[in-house]
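> structure, please.
(one chain, ligands or ions: 1)
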Amino acid sequence: MTGPAMPTVAVAGAGAAGTLTAIHLVAAAERAGTPLRILIADPDPHTGRGVAYGTTDRRHLLNVPAGKLSAWPADPGHFAAWLAAEGVPGAGPGLFAPRAEYGRYLAHTLAAASARARGLVRIDRAHAPITRAEPTGSGVRVTAGPARVDVDALVLALGSTAPCTGWAPDALARSSRFVADPWARGALAGIGGTSVLLVGTGLTMVDVALSLAGPGRRLRAISRHGLLPAVHADRPLPQLAPPVLPERLGMGELRTAIRRHVRASLAAHGDWRPAIDSLRPVTAEVWSRLPLADRAEFLRTGSRRWEVLRHRMAPAVGARLSALLQSGSLHVGAGEVESATESADGIEVVLRDGQRIHAEVVVNCTGPRCDYGSAADPLLRGLLDSGHARPGPLGLGLATDTDGRLTSTGGQQHALWTLGTGRRGELWECTAIPEIRAHAVALAEAIAARLSHRTPMPAAAR
Ligand SMILES: Cc1cc2nc3c(=O)[nH]c(=O)nc-3n(C[C@H](O)[C@H](O)[C@H](O)COP(=O)(O)OP(=O)(O)OC[C@H]3O[C@@H](n4cnc5c(N)ncnc54)[C@H](O)[C@@H]3O)c2cc1C
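Next up, the predicted model:
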């Protein structure tokens with residue numbers, strides 16, 4: 001076992017959230033002039049990519065323009081300038097770049113930050129999951145692959161859990177024609193056949209449809225509501241102030257205020273999008289003010305509509321999808337899977353309304369999940385089972401304080417933090433890069449402040 005001779009922070013997860021955390025930990029150590037070791041653990045061989053930016057399909061575009069995705073809040077042009085330096089066509093703050101570029105950018109930005117801080121900050125990368133974390137007085141003992149390491153703080157940047165398959169009838173779930181997780185490495189690569197059923201009609205379905213569409217292939221997408229994500233405007237829109245909300249807030253009041261705000265935006269600008277975007281800076285506060293029962297009602301009755309309006313497609317993706325719809329290559333509608341039967345040449349899926357769909361392949365496009373309580377990940381399971389962590393409100397993510405520090409079942413706080421999906425229950429909107437970046441900055445500051453009080457380890461103990 002190795003002890004932390006120098007202040008050490010472990011980060012579980014090398015996706016966008018873990019990488020942005022590491023970038024801002026480096027910056028905080030540099031500012032304070034204090035040495036720091038960062039141990040980033042993730043079985044994924046790449047750093048910065050995770051699920052969203054691990055795609056190699058260049059038709060998969062970012063759904064946020066480059067000008068809003070800089071790793072450095074004080075330098076908003078950083079990502080756009082990097083794209084230009086890399087020779088990416090159309091580089092500029094308005095570009096919806098291929099998602100793969102963002103993964104490369106984050107890896108490059110972390111490498112550049114750690115090169116600048118050489119001699120002060122050391123970054124180690126373990127290509128293994130962290131499977132166990134045990135709080136030890138002031139720190140945490142983590143198990144990453146075969147190594148056990150004592151660290152001063154652990155950040156959980158674990159992303160979402162695997163898509164839900166509970167909706168799939170047994171015959172479908174067991175079938176080799178069923179793709180349970182379209183983001184698993186290579187999951188879409190070997191798909192043949194002329195008829196493919198996509199279950200889900202959100203951004204995951206859009207990705208999958210762009211990848212699978214081709215001559216002679218018919219794609220059919222269904223979901224309970226049949227709603228497609230909205231599309232970003234292809235021109236800059238005005239920025240609105242958020243609506244004034246009543247002191248006593250419930251779902252009814254919130255719906256009324258938002259509808260009024262949307263109508264005002266339509267009247268003034270001919271577009272509803274500025275009204276929805278104006279809610280971004282206040283969403284977490286609004287969410288926390290809503291009574292728990294109203295938040296639960298929102299999850300049941302309003303969240304799908306919100307997702308559709310809030311997380312929109314890049315204009316080029318919207319245009320490509322329209323072309324697929326118009327040509328008949330893609331058909332989107334409402335429908336819920338009731339039963340399925342496998343035959344020699346495919347799967348017969350019966351919908352609740354009696355419709356029958358024959359497909360050679362069925363792809364689960366129901367999207368990411370945030371209910372950590374049911375996660376299989378041994379690290380999460382261990383923390384939840386031991387009570388060192390507890391599920392967040394409504395079972396989403398984990399219970400945290402305002403900096404993202406975990407609170408245990410007994411209300412204690414150990415040196416454990418989370419961001420991204422881990423804060424879904426507390427904040428609701430926390431999984432897009434602008435929010436993740438803000439939380440990574442705050443969390444790095446909080447950890448740096450804690451480390452500045454750390455008792456230096458006696459030389460003999462190193
Ligand atoms: C398909 C898709 C497209 C998206 N597009 C956009 C977009 O265009 N713009 C935007 O702002 N947001 C987008 N998002 C939102 C997305 O959630 C964030 O942008 C971001 O990628 C989330 O990163 P993350 O690090 O939290 O999660 P992930 O990318 O899921 O990374 C989590 C990492 O943790 C690792 N891990 C899990 N358990 C452990 C463990 N026990 N130990 C060590 N490592 C572990 C995993 O291997 C994984 O690499 C998209 C999301 C998806 C799914």
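> flag every residue of this structure that's near the ligand.
12-18, 41-44, 50-52, 62-64, 99, 129-130, 157-160, 207, 368, 377, 379, 420-421, 431-433 (CB under 6 Å from any ligand atom). (C-beta placed from N, C-alpha, C; glycine too.)
> show me where the chain has its helices.
16-32, 78-85, 99-116, 170-173, 203-212, 251-269, 273-277, 283-289, 292-301, 303-310, 315-327, 378-386, 424-427, 433-452 (DSSP state H).
> TSV please, covering those helices and showing mean neighbour count.
Output for those, formatted as TSV (neighbours: other CB atoms under 10 Å):
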stretch	mean neighbour count
helix 16-32	25
helix 78-85	19
helix 99-116	20
helix 170-173	16
helix 203-212	22
helix 251-269	15
helix 273-277	20
helix 283-289	16
helix 292-301	14
helix 303-310	16
helix 315-327	16
helix 378-386	18
helix 424-427	24
helix 433-452	20
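> domain-wise, how is this protein divided?
Using automatic domain parsing, the domain parsing of the chain gives 8-60+98-161+370-461, 170-230+312-364, 251-310.
> as JSON lines, those with distance to Gly77 and mean pLDDT would be great.
Below are the domains of the chain laid out as JSON lines (distance: least, CB to CB, whole Å; pLDDT from 0 to 100):
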{"stretch": "domain 8-60+98-161+370-461", "distance to Gly77": "13", "mean pLDDT": "94"}
{"stretch": "domain 170-230+312-364", "distance to Gly77": "19", "mean pLDDT": "96"}
{"stretch": "domain 251-310", "distance to Gly77": "20", "mean pLDDT": "94"}
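> so how far is stretch 216-235 off the chain centroid?
20 Å (CA atoms, centre = their mean, to the nearest Å).
> output that stretch as CSV, nothing but the C-alphas.
Extracted in CSV, the C-alpha atoms of stretch 216-235 (Å, rounded to 0.1, in the frame of the first residue of the first chain):
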residue,chain,number,x,y,z
GLY,A,216,-32.1,0.3,-48.6
ARG,A,217,-32.4,0.4,-44.8
ARG,A,218,-35.6,1.4,-43.1
LEU,A,219,-35.3,2.8,-39.6
ARG,A,220,-38.4,3.0,-37.3
ALA,A,221,-38.2,4.9,-34.0
ILE,A,222,-40.8,4.7,-31.3
SER,A,223,-41.2,6.1,-27.8
ARG,A,224,-44.2,6.6,-25.5
HIS,A,225,-44.6,10.2,-26.8
GLY,A,226,-42.9,10.1,-30.2
LEU,A,227,-41.3,13.5,-29.6
LEU,A,228,-38.1,14.4,-31.3
PRO,A,229,-35.5,16.8,-29.8
ALA,A,230,-35.9,20.4,-30.9
VAL,A,231,-33.2,22.0,-33.1
HIS,A,232,-30.9,24.9,-32.3
ALA,A,233,-31.4,28.1,-34.2
ASP,A,234,-28.9,28.6,-37.1
ARG,A,235,-28.4,32.2,-36.0
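> and the closest residue to the ligand within the stretch 101-250 of the chain, how many residues sit next to it?
Going by CB to the nearest ligand atom, the ligand is nearest to Gly159 of the stretch 101-250 of the chain, at 2.2 Å. Around Gly159 there are 20 other residues, counting by other CB atoms under 10 Å.
> next one: Asp57
14.
> excluding its backbone neighbours, what's nearest it?
Using CB to CB, 6 or more residues apart in numbering and skipping residues adjacent in sequence, the residue nearest Asp57 is Ser211, 5.2 Å away.
> can you pull the contacts of the one you found?
Going by CB atoms under 8 Å, 6 or more residues apart in numbering, Ser211 touches Asp57, Arg59, His60, Leu188.
> of all those, which comes closest to Asp277?
Asp277 has its nearest neighbour among those in His60, at 22.5 Å by CB to CB.
> what is the burial count for Glu342?
15.
> ugh, wrong one, I meant Pro368
Applying other CB under 10 Å, we find 19 residues neighbouring Pro368.
> could you measure from it over to Thr47?
20 Å (CB to CB, to the nearest Å).
> for Glu247, same thing?
The value you get for Glu247 to Thr47, if CB to CB is used, is 46 Å.
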